[in-house]
Every structure is written in C-alpha cells, then in structure tokens.
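> Below is the structure, and that's it, no one-letter string:
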DNA sequence: CTGTTAGCGCCTTCAC
DNA sequence: GTGAAGGCGCTAACAG
C-alpha cells in the first residue's frame, strides 16, 4: 500500500510534493521553477509559484543542504559579542549575509579568559557552514590547520595571518598616528595600555599595536617602559591605568589600544583626581560612539563597513570569485578633548 | 556496478559508514553508540568511539536534522546587535546554548528604521530552528501568529506579550524608581527621553516606561509634558535632549529609558553649557559599563543573566518541561554623580 | 520543457 | 545486543 502518502514533514507545513500536486507538475519542476532555474515555461513557473505561495511552502533547509552540500550559512567565530568592535562587525556581516539569503551562525570562543587558553573547537563547524568569518581571534597555527580541514572559504577581520584574506587596519599606522599626535603636543612620557598579557599571537591587534608603540617611541628616542594590560574592557582599562600611574607617576599621556579601555583610563584618572587632558592626555582606538560623550580623542575606523565587506568576501569566494588577500580600511585621527599639551611640572 | 562505493560526502571527511567499517559494526550500532543510547555493549561502544575519533567523524548536521526533525539550533530574533542590551543578551544566550550543544542563529530585523515598519519575515525560520528567542522586538499580532505557525517554543526577552514565556523587568517599577529618585531630590520639572515615536506596541519597553513615567508624574501632581524621542542610541539621545531643553528650558532633570540615550543627553547638556548634575540631573536605565565613566545614575539590570535564562527556558521547553510564563529580573538603583537636587533659579 | 529515478548521510523501526 | 532496510525532503542527472 504505497498509495497512502505518509504525510510526515513533522507538522512543519507542506512539502514539495504537495506543491507539485497542487500545480499539476512533478517535484523536479517545482524545484526548478522555485529556484529560478532555466528550462521552465513562464506559465508553469507562475503556476508553481502561486501554488507554493498558497500552501506557504518553503524548502526544508536540511533536506536541501543534504542534497546540495551547501548550507547557505556562514559561521562567525569571535571571542565576544558584547564588545563594541565585535558587535558592530557582527551586525554589518549579518545584515549583508541576509540580503544575500544567507544565515549567520554565531560561535563565541573567549580565548582571552583567565586560565589556560582554550582551543577553538572547529569541528563543531563541520557540515554546518559554507564559509567562515574569523573576527578578532588570534588563532594558533593548529587551529588554522583545523579550519583549513573544513575546506571552506575563510575571511579574517581585525586579526589574521598574512597569507589569508584579511580585513584589518594598518596597525602600525594606528600606533604611529596616535603616538605622533601625543609627541606633537609635546609629550615625552607616553604610557600604553593594551589587551591581554598572555596574548602573544603575532597577528593579534593588541600585540601589533604595542609593538608599533615601542617602535615609534624608540625611533623618537623615548623610553617605552610604562605599559599595562587592560584586557580589552572598561574595568580592565581602569585597573590598568591605576597600575600604570602608580608605577610611573611621571607619565603625562596614555595611548590605549581600544576606546573601551581608554574610557576606563579616563575613569581611573578621575579616581585619582587627575584632570583630562590637563594632567593626563588619553587617546584610544576605534571610534566608539560614546567616545563623544567623554570627548575622547581616538584613531577611528569604520567597523560596520568591515563586517559588510567581510560578508561580501566570503560570499564572493563561495561564488568562486577571486578576492584580495588583504584589505586595509582607512583610519583617521578624531581630535576631541582628551588630549592636550602636557602641563609643566 | 553498485559495488563501487561512491565516496561522496563532498570532501567533508568521513561518514558513518566509514566508522562502521572501521569498528566492524553496522551503521545503526555506530549511531546508537555515539549518541549514548542504550542497547550497546560497553566494549562495542568504546570501539566505535575510538574509530570515530581516529577518523575525526562528526555526524553531518543536515543529514541528522533531516532524519530526526531537530536542528539543535535556536533562532535569535532582534533589531540590532550593536546596542548594549542586545549584545549582552546575545552573548549570554549563545554561551549557554553552546554549553548545551546548540547553535545560535542570528536574525536581525530593524523594525525601528525610518520608513514603513518592515514586517518580520518569520518564514526564513521554517525548518531551521528548534526554538526561538525574541529579544526586544515589539511584534505585531500577525507576526506572533506567523511565529506560532512554526510550532516551536518561543521565549521573549525585554519585550513580549503577556501570555507567553517572557523575561523582562517590571517596567512600571523601573520608571517609578527613577522618577521617585528625582522627586525625592526635589525635582518638579522632570523631562523624559524615550525610544521611537512610531513605536506604539503595547509591550515595547520604551512605551511601557513612558506610560509609567506619565502615571507616576500624574500621581504626584506633576505635569508630564516634556517628552522627546531618542531612537535608542547615543546620537538620538543627544538630539532629543536638545529638542527637549529648547522647548522646555525649565526642566531640571531628565529620565531616559536607556543608558546609551542618557549618555547622549549628558553630551547635549555639555553642548549647551549645562553642568550635570548641577544644572541638569540625568538618570538612565540599563547598567551600561560606560555609565561609570560619566558617573551616570541608572536603574540597572543584569542583562547577561537574562540571555542565559532565556536560553535555558527554550531548551527546557524543547525538553518538554514546563516553564514559567513570566520571569521578572530584579532592578536596582545605582547612584552615581549625574543626579542631585535642583539648583534654585 | 518536463518527468523519472537515484541518491545526499543519518536515524529508526523491526527482525534476529 | 546488533543488523537490515526503508525513509527524512529535496536535488540532480538522465531520458523523453
């Protein structure tokens, strides 16, 4: 008795067979018609479309994926979403992906948390995604190997090995702009607050900015000894600044590798009764909206645009197109009230 | 010639058959063994486990989904991720879901954008998710109907109809705490900045807080006429404050329905040469980390915890457990420097 | 242009 | 406790 159609579809609606029956065609034709493939009469296509619409038919993604090998889903790998940079990349990427009928799957791996560095479990991505966006995650070489094993296009944002499609600002330039600005104002004792002390990845943004800070300082004949770690958040920046200012009370300005930490530094200055910028100049990196509220001078970048571009580049790779190996978004110095010439003291 | 095993799996690794062969058992046994189902000897299970490990076998999600009808994926529906509240809910939810081997699929629908309210296309969720988290999205009745048609557990966070599993603070209490605080300080002219003017949903957070502001003001015999809309972001809050203070120069304090907008209000005060809190008191809602930097008094809530709980509640529903229809997280007044008694003038 | 027929990789009854 | 076989819903050759 194979006549009795097992109307399964687990209570999810109608299947392709229902549409086929309603339109009086075969399932193959329905599939072709609905996906806009050639070799279908306009009339048939329209008939199928109507039938599908009426029944509220949408192809079951897992069935489609199983048959095609494509998931129309992109994995977003990142440490946090509650940080400004990441939230904005994610938002830009997700919107762009959706415009192109792709889904965004979120995977957070907080590799910066205290304790031994947890390895990113790339195997959870197997068969789930057509492409991967790695955002601000300084991966170990073995992790890259694991990702490569997935045989899916990869795009890195805000961190990444040199030999892969990577979108990131010129970290050297970022530090140079910031430090040059402070030097230009007359500062000689320039402190530095950066990310995580255990982060030593050669392509971590924090590491690169710190290295460039050292370079610029050295090239100008200044000593780069006032350094503290703020773990990329407000509270961390505040604590780091306290530590820094206690150990190096002669510091007149601080270059901070993120606006969130920079605002923490400003809070610390206030804690200590120091006025910004009269007693202490502070410059950050990012272009956080709230920087305007505290008049934070910063080296700004358009993060949303980076998310959009990243999405476009994975999609392009999936489509078999060539993509640039390296995109370097512009940065610009945004002068506000947190930097000024040092007071004589 | 059906002997020639078509080793497809589209270059993705090994399939269940490979594991079966390696372990010398059938695919059925592999399936049972790997998923911890009963009726498998410890010895066989171990053998299968080893074989799978060695081959790096992971069941293809789409195949599994097609066979089981479950996707182990939860859809996150929200307007933005770049706003503090949302980024934190998402982060809490994603981590919790991952701990329970579930994926988080992101769907942003900016229903607050200018122009006609875009309808949330729930059909993109069909067959993609086992459950749905609706975060801070004031949906229309028809949209709820569409969601219900998916026959999947639903949890609302930060907004939601009264008759569904909803996690949200008591909005009345939020407004009461804030306004009472200002009244207690001696303010009589209390302005208000809230979200989007077109948002009239009876269960939008902004709408409810504004209504409660009116109620509390009225109950105290104060006029609630100084109102402006800040669209839930910093720039919007700033613009709204300018409008408000121009129209109602006698206002001595402002109750703002989010910390991000409240910080915009503080920026506007500075623009106008008004000192906070001497000339203008400002109180927000949320507990944004950066509130500390600008000494923002606020009615705080634990948003990360709400994300965690939301994830737990969908998972519980999927497991067939009963869940509370309403969870009301605690809020607390965080006194900082942005509120003070009004100056006589 | 359209229908038929195999799978896609895994799960799941049902025998053994 | 284990294996055989059919099915999940859709796509993709291949005929016609």
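Alright, I've got the coordinates. This one's a predicted model, so the numbers in the text were calculated from it and none came from an experiment. Residues are numbered from 1 along each chain as shown, chains lettered A, B, ... in the order given.

> three-state assignment of residue A:228?
At residue A:228, secondary structure determined by DSSP: H, G, I helix; E, B strand; the rest coil is strand.

> I'd like to check which residues are in contact with it.
A:191-193, A:240-241, A:243-244 (Cβ atoms under 8 Å, 6 or more residues apart in numbering or on different chains). For every residue, glycine as well, the C-beta is placed using N, CA and C.

> And it, how far from DNA strand D?
Note on residue A:228: its distance to DNA strand D, by Cβ to the nearest atom of the strand, to the nearest Å, is 55 Å.

> ok, now residue A:109?
Residue A:109 sits 31 Å away from DNA strand D, going by Cβ to the nearest atom of the strand.

> And for that residue, the neighbour number?
Using other Cβ atoms under 10 Å in any protein chain shown, residue A:109 has 21 neighbouring residues.

> which non-adjacent residue is nearest it?
Nearest non-adjacent residue to residue A:109, counting by Cβ to Cβ, 6 or more residues apart in numbering or on different chains: residue A:120, 4.7 Å away.

> what's the answer for residue A:79, then?
residue A:110 (5.0 Å).

> Quick check, pLDDT for the one you found.
The per-residue pLDDT reported for residue A:110 equals 87.

> That one touches residue A:80, doesn't it?
Yes - using Cβ atoms under 8 Å, residue A:110 is in contact with residue A:80, at 6.3 Å.

> These two: which has the busier surroundings?
Using other Cβ under 10 Å as the criterion, residue A:110 and residue A:80 rank with residue A:80 on top: 23 against 13.

> give the contact list for that one.
So, once contact is read as Cβ under 8 Å, 6+ apart, residue A:80 ends up touching A:86, A:108, A:110, B:91.

> State the distance from it to DNA strand C.
Using Cβ to the nearest atom of the strand, we find residue A:80 at a distance of 31 Å from DNA strand C.

> what does residue A:259 give?
Using Cβ to the nearest atom of the strand, one obtains 45 Å as the distance from residue A:259 to DNA strand C.

> just residue A:163 next, same as before
Between residue A:163 and DNA strand C the computed distance is 30 Å (Cβ to the nearest atom of the strand).

> what's that residue sitting at in phi/psi?
With angles defined as degrees, to the nearest 10, residue A:163 sits at phi -100, psi 10.

> re the thing from before, tell me if I am right that the residue nearest to residue A:79 is in a helix.
No - assignment of residue A:110 by three-state DSSP gives coil, placing it outside any helix.

> Next, the contact list for it, please.
Residue A:110 is in contact with A:79-80, A:118, counting by Cβ under 8 Å, 6+ apart.

> now, which of the contacts of residue A:80 sits nearest residue B:218?
Closest approach to residue B:218 among the contacts of residue A:80 (Cβ to Cβ): residue B:91, at 38.4 Å.

> residues contacting the closest one?
By Cβ under 8 Å, 6+ apart, the residues touching residue B:91 are A:80-82, A:108, B:304, B:307.

> can you redo these as a markdown table with secondary structure and distance to residue A:206?
As requested, the contacts of residue B:91 are arranged in a markdown table below (DSSP: H, G, I helix; E, B strand; the rest coil; distance: Cβ to Cβ, whole Å):
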| residue | secondary structure | distance to residue A:206 |
| --- | --- | --- |
| A:80 | coil | 14 |
| A:81 | coil | 18 |
| A:82 | coil | 18 |
| A:108 | strand | 18 |
| B:304 | helix | 24 |
| B:307 | helix | 26 |
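
> circling back to that earlier point, who wins on neighbours among the contacts of residue A:228?
Across the contacts of residue A:228, neighbour numbers were computed from other Cβ under 10 Å; residue A:193 holds the maximum, 32 neighbours.

> That one: what's it in contact with?
Counting by Cβ under 8 Å, 6+ apart, residue A:193 has contacts A:227-230, A:237, A:240-241, A:244, A:254-257, A:261-262, A:265.

> Over to residue A:82?
Shown in contact with residue A:82 (Cβ under 8 Å, 6+ apart): B:84, B:87-88, B:90-91, B:304.

> Then residue A:76?
Residue A:76 neighbours (Cβ under 8 Å, 6+ apart): A:90, A:93-94, A:104-107, A:132-133, A:135, B:106.

> Just to be sure, which of the contacts of residue A:193 are found in helices?
A:237, A:240-241, A:244, A:261-262, A:265 (DSSP state H).

> quick one: which two of those residues are the most distant?
With Cβ to Cβ as the measure, no two of those lie farther apart than A:244 and A:262, at 12.6 Å.

> Settle this for me: residue A:135 is touching residue A:154, isn't it.
No - Residue A:135 lies out of contact with residue A:154 (Cβ under 8 Å); the separation is 11.6 Å.
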